[in-house]
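Asker: need the 3D shape of this:
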Amino acid sequence: MDNFKKIVAENIIKLRTSKGMTQAELGEMLSYSDKSISKWERADALPDAYVLKKIADVFDVTVDYLLNEHSPDEKIVVEKPRTYSRTVISVITVIGIWTLALFAFVITWLCSMPTPLIFAYTVPVSLIVLLVLNSVWGIGKLNMFIISGIVWGLITCVYLTFYQSNWWQLFIIGFPAQIIIILSFFIKKKRSQ
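Answerer: Below you'll find the predicted structure:
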């Protein structure tokens, strides 16, 4: 068992140093402390199967690579994950939403009751879809801006819907909402030991 721990430890060290990462950086990516990473690299402890899978994903290798011994001069075999152009998928999705909005506008126009407000409501709908895609793909840095756009877009839509009433006061709601959005992105998850 000690030999097995040593093999895993050597592989983690080799992968981490080849990427130029510190133990703290790896720990942050795995939601573990640098002390846990240090224990694994000293072969004092062994990560569980779930964590081994996460480590393999971080370094684009298989779990099998982590569990087997390798010669010092052996190159790291990177598993080639299937990648899709996230940007292209996002753009196609947003264009699809706007195409549906245009279709709905043309239909209402042909029925002699054009509703240009459809386009105003398309903005928050597009942003909600982008938020979902962005969250799935794990690019959390953009979420604050997308959520801000959704809030301000919805406020603008309600204002435009009731434009005759001149409800400009609705925009006042946006300021505390914006503060809440910004502050919520400064909440840090406590690292598990």
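Asker: need the outlier residue of the protein, farthest from its centre.
Answerer: When distances are taken from the C-alpha mean of the chain, Ser112 lies farthest, 43.2 Å away, according to C-alpha atoms, centre = their mean.
Asker: what comes up buried for the helix ranked longest in the chain?
Answerer: The longest helix of the chain (DSSP state H) is helix 86-110. Buried residues in helix 86-110, defined by neighbour count with 16 or more other C-beta atoms under 10 Å: Ser90, Val94, Ile97, Ala101, Phe105. C-betas here are computed from N, CA, C, even on glycine.
Asker: CA atoms of the helix or strand just after that helix as CSV?
Answerer: Next along the chain after helix 86-110, taking DSSP states H and E as the criterion, comes helix 117-137. The C-alpha coordinates for helix 117-137 follow below in CSV (Å, rounded to 0.1, in the frame of the first residue of the first chain):
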residue,chain,number,x,y,z
LEU,A,117,-41.2,45.1,-27.3
ILE,A,118,-40.5,41.5,-28.3
PHE,A,119,-36.9,42.6,-29.0
ALA,A,120,-36.6,44.3,-25.5
TYR,A,121,-37.6,41.0,-23.8
THR,A,122,-35.2,39.1,-26.0
VAL,A,123,-32.3,40.7,-24.4
PRO,A,124,-32.8,39.3,-20.9
VAL,A,125,-33.9,35.9,-22.4
SER,A,126,-30.6,35.8,-24.3
LEU,A,127,-28.6,36.7,-21.2
ILE,A,128,-30.4,34.0,-19.2
VAL,A,129,-29.4,31.4,-21.8
LEU,A,130,-25.8,32.7,-21.8
LEU,A,131,-25.8,32.5,-18.0
VAL,A,132,-26.8,28.9,-18.1
LEU,A,133,-24.2,28.0,-20.7
ASN,A,134,-21.5,30.0,-18.9
SER,A,135,-22.3,28.2,-15.6
VAL,A,136,-22.2,24.8,-17.2
TRP,A,137,-18.8,25.5,-18.8
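Asker: how far does helix 117-137 sit from the chain's center?
Answerer: Distance of helix 117-137 from its chain centroid, counting by C-alpha atoms, centre = their mean, to the nearest Å, is 15 Å.
Asker: so which elements touch it?
Answerer: Contacts defined by 3 or more C-beta pairs under 8 Å, 6 or more residues apart in numbering; DSSP states H and E place helix 117-137 against helix 86-110, helix 143-161.
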